[in-house]
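Q: Show me the folded form of this:
(one chain, ligands or ions: 2)
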Amino acid sequence: MDTNKEKGRLVVLSNRVGPLSDSGKAGGLAVGLGDALRRRGGIWFGWSGKTSEQGTFSAFDRETEGDVELVRVDMTEQENTDFYGGYANTTLWPLMHYRLDLAGFERRFEAAYRHINQRMAARLSTLLEEDDVVWVHDYHYLLVGHELRETGFKGPIGFFLHIPFPPPEIFAALPNANSIVRGMVDYDVIGFQTERDCRNFCRYITDELGGEQVDEARVRLGDRTIIAKAYPIGIDAEGFEKLARSADALALRKKLYTMLEGRHQVVGVDRLDYSKGIPERLRAFDELLQTYPENRGKVTLLQIAPLSRAELESYRDLRRELEELAGHINGAFGTLEWTPIRIMTRGFTRRALAGICRASRVGLVTPLRDGMNLVAKEYVAAQDPENPGVLVLSRFAGAARELQAGALMVNPHDPGDVAGALQTAVTMPLAERQRRFETMREPVFRTTAQSWCADFLAELYAFRAGDRSGAA
Ligand code: ADP
Ligand code: F6P
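A: Ligands and ions are numbered 1, 2, ... in the order given. Modelled structure (predicted):
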């Protein structure tokens with residue numbers, strides 16, 4: 001199935017590496033990339049998740065799973081604080097999610113970011129052979145392509161951004177934004193989740209840097225012409241559907257049905273991140289109970305929200321806000337028999353998540369801004385075609401483009417809009433649920449983790465073959 005394999009080994013770099021097995025760890029990148037790499041083989045390099053005195057100079061930690069070699073290095077405490085907590089998640093993450101109000105800009109963060117990008121490129125270069133093809137992932141490593149060129153590596157280097165790229169008017173607020181984007185142009189192929197993200201990036205090149213849009217897929221800056229295109233990421237849809245039909249998942253569903261005593265369950269599954277719109281979602285659920293009181297005692301919201309980046313204040317504030325809100329709503333509406341909102345911060349296996357999705361009448365996916373949102377696709381893949389649930393989806397999720405024809409689309413900032421969609425979802429007749437489900441099933445099973453990977457790599461390997469030299 002892998003037509004590219006013979007043309008050179010695939011070497012992937014991302015901040016987190018693996019695991020390839022079902023670990024109960026949250027995060028779209030690990031899930032999407034893990035699904036794709038498992039089938040293809042290669043090297044997956046990145047941070048070990050540990051800090052040590054040697055940091056990025058530490059010995060490689062190597063592990064093999066199937067055809068994939070997982071290679072990791074540590075960071076020092078300081079590197080981790082300023083690179084991961086600082087530039088990646090205090091500067092870039094909020095900025096890329098259109099949240100200038102939360103973005104912090106500190107020179108030492110930027111210095112750490114440049115240092116880590118340079119160090120990771122240097123370590124990566126020691127793993128590389130001449131024929132290798134390198135694929136770098138996400139906002140942590142915008143400059144690794146540039147740094148890798150400095151080491152003399154001549155093979156194709158691709159980059160995929162898993163999160164949004166904001167309009168140039170927002171990105172320009174980043175100190176040294178021009179130099180970051182100029183550095184990115186050393187990649188040969190840059191992939192985005194949506195056409196909107198791709199357009200925003202290309203507009204930065206043309207409007208802010210005086211570059212040129214050569215054609216639909218190519219953009220030029222100085223003497224570099226690169227491919228910039230949308231490659232929406234997907235899930236291992238068949239695998240997830242199979243999990244949802246497994247005996248374990250069905251047993252879990254049965255247990256949940258018994259516990260629910262005929263009530264409808266609405267489910268939200270998100271890392272505890274302000275981009276996911278979780279407090280806004282709870283306010284919408286509050287509005288549902290106020291405006292449509294017939295749902296009191298009849299509908300339960302299960303919010304699975306694994307803790308994320310808890311070392312950062314904005315994330316701790318969010319947790320507090322969420323707990324207060326849930327406490328308030330449960331206090332106001334709860335009865336001896338019924339708790340309106342349940343929040344769980346623990347990790348689940350994918351099998352358990354699949355079972356929970358299948359048991360839930362509504363999947364509530366309402367990010368304020370999201371690159372793609374794999375949970376939306378997982379919810380669809382997990383449904384029982386005979387009796388499917390309804391997806392309520394934010395128009396600001398990357399997944400909106402593919403799923404809007406079947407989902408109930410909402411503005412997550414408007415609690416009345418989301419409450420109305422919830423009411424429609426819990427009262428929707430079976431025939432309409434089935435029709436909507438079939439409409440969503442098609443794109444979820446067509447654009448998968450595997451097809452995403454194959455499409456991107458076909459473009460990248462074409463660079464090597466000279467089929468697409470990038471020359472205008
Ligand atoms: P992000 O990459 O921003 O976290 P996505 O929705 O794209 O958002 O991907 C999140 C992934 O993490 C999904 O595959 C989801 O199933 C998984 N996930 C979310 N919560 C949990 C949890 N509690 N346990 C295990 N996996 C989780
Ligand atoms: O999808 C965006 C992303 O930042 C991924 O890179 C990452 O795997 C996931 O969210 C979880 O974030 P973190 O690695 O910071 O826990």
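Q: Now G66: phi and psi?
A: With angles defined as degrees, to the nearest 10, G66 sits at phi 60, psi -130.
Q: Helix, strand, or coil at the closest residue in space to it that isn't next to it in sequence?
A: Nearest non-adjacent residue to G66, counting by CB to CB, 6 or more residues apart in numbering: R38, 6.3 Å away. Bear in mind the C-beta positions are built from the backbone N, C-alpha and C, glycine included. Per DSSP: H, G, I helix; E, B strand; the rest coil, the secondary structure class of R38 is helix.
Q: before we move on, what about K229?
A: From three-state DSSP, the assignment for K229 is strand.
Q: Just the pLDDT at it, thanks.
A: Confidence at K229, expressed as pLDDT, is 98.
Q: repeat for G27
A: Per-residue pLDDT puts G27 at 60.
Q: now L325
A: 98.
Q: Contact partners for the residue nearest to G66?
A: Contacts for R38 (CB atoms under 8 Å, 6 or more residues apart in numbering) come out as L20, E65, G66, D67, V68.
Q: do that again at 7 Å, thanks
A: R38 sits next to L20, G66, V68 when contact means CB atoms under 7 Å, 6 or more residues apart in numbering.
Q: What of K276?
A: D270, P367.
Q: try L307
A: In this structure, L307 makes contact with L272, T345, judged by CB under 7 Å, 6+ apart.
Q: now the one 10 residues further on
A: D317 makes no contacts at all, as judged by CB under 7 Å, 6+ apart.
Q: sorry, back to before: export the contacts of R38 as a markdown table, with columns for neighbour count.
A: Compiled in a markdown table, these are given as follows (neighbours: other CB atoms under 10 Å):
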| residue | neighbour count |
| --- | --- |
| L20 | 19 |
| G66 | 11 |
| V68 | 22 |
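Q: could you dump the residues you listed to CSV with distance to ligand 1 and pLDDT?
A: Below are the contacts of R38 laid out as CSV (distance: CB to the nearest ligand atom, whole Å; pLDDT from 0 to 100):
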residue, distance to ligand 1, pLDDT
L20, 14, 73
G66, 20, 88
V68, 19, 91
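Q: so after the longest strand along the chain, what's the next helix or strand?
A: Counting by DSSP state E, the longest strand found in the chain is strand 42-51. Using DSSP states H and E, the next helix or strand after strand 42-51 towards the C-terminus is strand 61-65.
Q: Just give me the neighbour total for the closest residue to N80 other than its chain neighbours.
A: Nearest residue to N80, sequence neighbours excluded (CB to CB, 6+ apart): T51, at 5.2 Å. Using other CB atoms under 10 Å, T51 has 18 neighbouring residues.
Q: from memory T51 sits against T76, does it?
A: Yes. Between T51 and T76 a contact is recorded at 6.1 Å, counting by CB atoms under 7 Å.
Q: ok, now how distant is K154 from ligand 2?
A: Remark: distance between K154 and ligand 2 (CB to the nearest ligand atom, to the nearest Å) = 28 Å.
Q: Ignore what I typed, I meant A449.
A: In terms of CB to the nearest ligand atom, A449 sits 13 Å off from ligand 2.
Q: In the stretch 1-150 of the chain, mark out all the strands, start to finish.
A: With DSSP state E, counting those that start in this stretch as the criterion, the stretch 1-150 of the chain has strands at 10-16, 42-51, 61-65, 68-75, 133-137.
Q: right, so the ones you listed: which one is the most enclosed?
A: Using mean count of other CB atoms under 10 Å, the stretch among the strands of the stretch 1-150 of the chain with the largest mean neighbour count is strand 133-137, at a mean of 26.
Q: so where's the stretch 1-150 of the chain uncertain?
A: By pLDDT under 70, the weakly predicted segments of the stretch 1-150 of the chain are 1-6, 21-28, 31-32, 35-36.
Q: Spell out which residues of the stretch 101-250 of the chain are next to ligand 2.
A: Residues of the stretch 101-250 of the chain lying close to ligand 2 by CB under 6 Å from any ligand atom are D138, H162, I163.
Q: ok, those vs L13, which is closest?
A: Taking CB to CB as the measure, L13 lies nearest D138 of those, at 9.4 Å.
Q: what's the distance between that closest one and ligand 1?
A: In terms of CB to the nearest ligand atom, D138 sits 9 Å off from ligand 1.
Q: Next, that residue: phi, psi?
A: Taking degrees, to the nearest 10 as the convention, D138 sits at phi 70, psi 170.
Q: so it makes contact with N15?
A: Yes. The criterion here is CB under 7 Å, and D138 meets it with N15 at 6.4 Å.
Q: In the stretch 51-200 of the chain, what residue comes closest to ligand 1?
A: In the stretch 51-200 of the chain, the residue that lies nearest ligand 1 is H162 (6.6 Å; CB to the nearest ligand atom).
Q: Phi and psi next, for that residue.
A: Recorded main-chain torsions at H162 are phi -80, psi -10, according to degrees, to the nearest 10.
Q: where along the stretch 201-350 of the chain do the strands fall?
A: With DSSP E, counting those that start in this stretch as the criterion, the stretch 201-350 of the chain has strands spanning 212-215, 218-221, 224-230, 264-269, 299-304, 341-344.
Q: Let me have the ones you listed in a markdown table, extended by distance to F456 and mean neighbour count.
A: Compiled in a markdown table, the strands of the stretch 201-350 of the chain are given as follows (distance: least, CB to CB, whole Å; neighbours: other CB atoms under 10 Å):
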| stretch | distance to F456 | mean neighbour count |
| --- | --- | --- |
| strand 212-215 | 19 | 14 |
| strand 218-221 | 16 | 20 |
| strand 224-230 | 9 | 20 |
| strand 264-269 | 26 | 23 |
| strand 299-304 | 30 | 23 |
| strand 341-344 | 34 | 18 |
